[in-house]
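K.L.:
Output the structure for:
(one chain, ligands or ions: 2)
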Amino acid sequence: MPEKNILYAIILAAGKGTRFKSDLPKVLHRIGGRTLLEQTVRACAPITKQEIVVVAGFGFELVSKELEIIKEKLKLDLKISIVKQTEQLGTGHAALVGLSGISENNADGSLLVVPGDCPLLSEATISEFVSCEVNKAEATKASFSILTVELDNPFGFGRIVRDSSTTANLVSKIVEEKDCTAEQKKITEINTGVVLSTLAALKEYLPKLGTNNSQSEYYLTDVPELLIKDNKSVSAYITKNKLSVRGVNSRLELSVLESEWRQEHLSALALSGVTIESFANTFIDLDAVVEPDVFIGAGTRIYGKSIIKSGSILEGDTLIRDSVIGQNCNIRLGSYVDSAVLENNIAIGPFCHIRPKSHLMNNVKIGNFVETKAALLHEGVKANHLAYLGDLEIGAETNIGAGTIVCNYDGTHKHRSQISSKVFIGSNSTLISPVEIGEGAYVAAGSVINQNVPSGALGVGRSKQVNKEGWASRKRKAENKSTGNK
Ligand code: UD1
Ligand code: CA
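P.N.:
Ligands and ions are numbered 1, 2, ... in the order given. Next comes the predicted model:
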């Protein structure tokens, strides 16, 4: 009997996903920034006591790599292993390969079999299913239970055939679309692919599967019929959460599902106090956090593990990836922020590029066409126009003039520079790294600085201006003479 002790989960992820027409295995495609594999592991992990076995095949190395990333990211207190299904002979065969990957041979206990192509499967949906099945009276408990859903258009899915002669309206079999009779095609209850079974039932019946069907595959969905022949019962639980159990077999289906999910996701954010100017043009990943009282302008993309803190305004046409935007920041139109930290009350853009390892402390101002990279800008630094600030630290209240370029790269190596606090760098200066500019120093506009400037000094690195009195007037006079003009 399925019991509370759900020891294992097997994730079926070996298929190529032929209809995706991709070199990437289907489970490595993404929804809301997360791979389908990560979504599936997240859904199963809280319910599984002992081990998750991922069955991979097509793109095995890539799937293994992603699994390592997921383990590192989720830090689960649970064993997660991977086994190879060399040939994709069907879901029944994949489940059998999964069983062989379970490291401890427990005779009792139950297990979940979960498809890897159900991107929005959630812990809530699985646990609702599991708790309903395990709480059934002993007499009506089945050794194999299927999570099902009613669909207006069931085309393509395995249909649930019920036996109305049984009081509990038990399942008699599952029939795949391609094997359905015209009558069976009218059935609207379909198999989601999520199965809860005793270990004993799978161990006994998976090896007995045949391939006598239109696809000549070992179908996991043929197990119920075998069980019933042996007078064992099979039950099904119908979930109401249709989005959560929708499987995807093509990029089109994934894209349609993602846009439906996005509307829900953005609606939840709007209800939590975030202003979203355009639902159609806003993309916020599952791992991103947006606090209340944030304004999200049209064309905003917030990717990865980003946090946007309260009171901030993102004007739009902006991409933010794996970054922190502090409170009351103003991210003006067209800004690109990647793997950076912006503290509070910062204004950037329009049209700036904040690159990895940039750290902007409180009250920093970055204007148009400014690029920063691996730069620590202390409080109140201003770089309002046209600058490249790479590999350096800039002290508090320093002003970087328009057109300042930090030459951090000598063609072979990168070098770091240090500009202290309350410095004034005149416009169109070139600072050749490594160089240090002392506290309160000035750099004259148009300088090329390749030597340190001491605190309180003025660094001038340009040729001296010479005014030639009367030169222009003499030139004009000479020109007029030669053309005969008076
Ligand atoms: C399957 C079910 C169908 C159900 C539908 C729900 C079967 C035979 N059919 O159909 O009843 O309605 O899911 O979405 O189970 N896989 C392997 N190895 C294989 C074959 C498949 O690991 O040899 C994996 C795939 O990578 C995928 C999952 O199993 O993640 C389901 O396989 P797929 O081919 O997508 O099955 P469907 O035709 O969608
Ligand atoms: Ca599928």
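K.L.:
element containing the residue in the stretch 351-486 of the chain positioned nearest to ligand 1?
P.N.:
Residue of the stretch 351-486 of the chain nearest ligand 1, by Cβ to the nearest ligand atom: Pro356 (34.3 Å). Just so you know, the C-beta spots here come from the backbone N, C-alpha and C atoms, and that holds for glycine as well. Using DSSP states H and E, Pro356 maps to neither a helix nor a strand.
K.L.:
per-residue pLDDT, the spatially closest residue to it that is not a sequence neighbour?
P.N.:
Closest residue to Pro356 apart from its sequence neighbours, by Cβ to Cβ, 6 or more residues apart in numbering: Ser339 at 3.9 Å. You'll see Ser339 listed with a pLDDT of 98.
K.L.:
What about Ser339, how many residues nearby?
P.N.:
When neighbours are counted by other Cβ atoms under 10 Å, Ser339 registers 17.
K.L.:
Likewise for the one 5 residues further on?
P.N.:
A total of 18 residues lie near Asn344 under the criterion other Cβ under 10 Å.
K.L.:
From Arg30, how far out is Tyr409?
P.N.:
34 Å (Cβ to Cβ, to the nearest Å).
K.L.:
Quick check: which ranges of this protein have low pLDDT?
P.N.:
1-4, 137, 139-140, 485-486 (pLDDT under 70).
K.L.:
What parts of it come near ligand 2?
P.N.:
117, 247, 249 (Cβ under 5 Å from the ion).
K.L.:
Apply 8 Å and report the result again.
P.N.:
Proximity of the chain to ligand 2, by Cβ under 8 Å from the ion, involves residues 15, 115, 117-118, 193, 247-249.
K.L.:
So which of those residues are in strands?
P.N.:
Secondary structure defined by DSSP state E assigns 115, 193 of the residues of the chain next to ligand 2 to strands.
K.L.:
about what we covered before: which of Tyr409 and Arg30 has more residues huddled nearby?
P.N.:
Neighbour count, other Cβ under 10 Å: between Tyr409 and Arg30, Arg30 has more, with 17 against 12.
K.L.:
Surely that one is in contact with Leu24?
P.N.:
No. Judged on Cβ atoms under 8 Å, Arg30 makes no contact with Leu24 at a distance of 9.7 Å.
K.L.:
what about the residue of the stretch 301-450 of the chain at minimum distance from ligand 2, how many residues close to it?
P.N.:
As assessed by Cβ to the ion, ligand 2 sits closest to Tyr303 within the stretch 301-450 of the chain, at 26.7 Å. Other residues within reach of Tyr303, judged by other Cβ under 10 Å, total 18.
K.L.:
Write down the beta-bridge partners of it, one by one.
P.N.:
Arg321 (DSSP bridges).
K.L.:
Taking the residues of the chain next to ligand 2, tell me the two that lie furthest apart.
P.N.:
Every pair in these was compared (Cβ to Cβ); the two farthest apart turn out to be Gly15 and Cys118, at 12.6 Å.
K.L.:
before we move on, back to that, which of the residues of the chain next to ligand 2 count as buried?
P.N.:
15, 115, 117-118, 193, 247-248 (16 or more other Cβ atoms under 10 Å).
K.L.:
Distance to ligand 1 for those residues - can I get that in a markdown table?
P.N.:
Listed next are these as a markdown table, based on distance: Cβ to the nearest ligand atom, whole Å:
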| residue | distance to ligand 1 |
| --- | --- |
| Gly15 | 3 |
| Pro115 | 4 |
| Asp117 | 4 |
| Cys118 | 7 |
| Gly193 | 4 |
| Gly247 | 3 |
| Val248 | 8 |
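K.L.:
now, among those, which is nearest to Thr372?
P.N.:
Of those, the one sitting nearest to Thr372 (Cβ to Cβ) turns out to be Val248, at 39.3 Å.
K.L.:
residues in contact with that closest one?
P.N.:
Counting by Cβ atoms under 8 Å, 6 or more residues apart in numbering, Val248 makes contact with 26, 36, 117-119, 254, 257.
K.L.:
ok, now how distant is the residue nearest to Gly109 when sequence neighbours are not counted from Gln50?
P.N.:
Of all residues not flanking Gly109 in the chain, Leu7 sits nearest, at 4.1 Å (Cβ to Cβ, 6+ apart). Going from Leu7 to Gln50 by Cβ to Cβ gives 4 Å.
K.L.:
any shared contact partners between the two?
P.N.:
Any residue near both Leu7 and Gln50 by Cβ under 8 Å, 6+ apart counts here, and that gives Asn106.
K.L.:
Leu319 belongs to a strand?
P.N.:
Yes. The assignment for Leu319 (DSSP: H, G, I helix; E, B strand; the rest coil) places it in a strand.
K.L.:
thinking it is in contact with Ser339, fair?
P.N.:
No. Proximity of Leu319 to Ser339 does not meet the contact threshold set by Cβ under 8 Å, at 11.8 Å.
K.L.:
count of residues packed around the residue nearest to Gly109?
P.N.:
By the criterion of other Cβ under 10 Å, Leu7 has 18 neighbours.
K.L.:
wait, isn't it in contact with Ile52?
P.N.:
No. If you go by Cβ under 8 Å, Leu7 and Ile52 don't touch, sitting 10.4 Å apart.
K.L.:
picking that back up, what residues does the residue of the stretch 301-450 of the chain closest to ligand 2 make contact with?
P.N.:
By Cβ under 8 Å, 6+ apart, the contact set of Tyr303 is 33, 283, 285, 288, 319-322.
K.L.:
And the helices in the stretch 151-300 of the chain?
P.N.:
182-185, 199-205, 223-229, 251-271 (DSSP state H, counting those that start in this stretch).
K.L.:
Need the ones you listed in JSON lines (columns: mean neighbour count).
P.N.:
Formatted as JSON lines, those follow (neighbours: other Cβ atoms under 10 Å):
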{"stretch": "helix 182-185", "mean neighbour count": "11"}
{"stretch": "helix 199-205", "mean neighbour count": "20"}
{"stretch": "helix 223-229", "mean neighbour count": "21"}
{"stretch": "helix 251-271", "mean neighbour count": "15"}
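K.L.:
Same list (the ones you listed) but as a markdown table, adding distance to Asn328.
P.N.:
A markdown table is the format used below for the helices of the stretch 151-300 of the chain (distance: least, Cβ to Cβ, whole Å):
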| stretch | distance to Asn328 |
| --- | --- |
| helix 182-185 | 58 |
| helix 199-205 | 56 |
| helix 223-229 | 58 |
| helix 251-271 | 19 |
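K.L.:
And these: which comes nearest Asn428?
P.N.:
Nearest to Asn428, of these and by Cβ to Cβ, is helix 251-271 at 43.6 Å.
K.L.:
what separates the closest one from the chain centre, distance-wise?
P.N.:
Here helix 251-271 is found 14 Å from its chain centre; the criterion is Cα atoms, centre = their mean, to the nearest Å.
K.L.:
picking that back up, mind checking the SS state of the residue nearest to Gly109?
P.N.:
With three-state DSSP as the basis, Leu7 sits in strand.
K.L.:
check which helix or strand covers Gly390.
P.N.:
strand 382-394.
K.L.:
closest point of the chain to ligand 1, which residue?
P.N.:
Gly158 (2.2 Å).
K.L.:
Roughly how far does the closest residue in space to that residue that isn't next to it in sequence sit from Glu176?
P.N.:
Nearest non-adjacent residue to Gly158, counting by Cβ to Cβ, 6+ apart: Asn191, 3.9 Å away. Asn191 sits at a distance of 9 Å from Glu176 (criterion: Cβ to Cβ).
K.L.:
That concludes my questions; thank you for your assistance.
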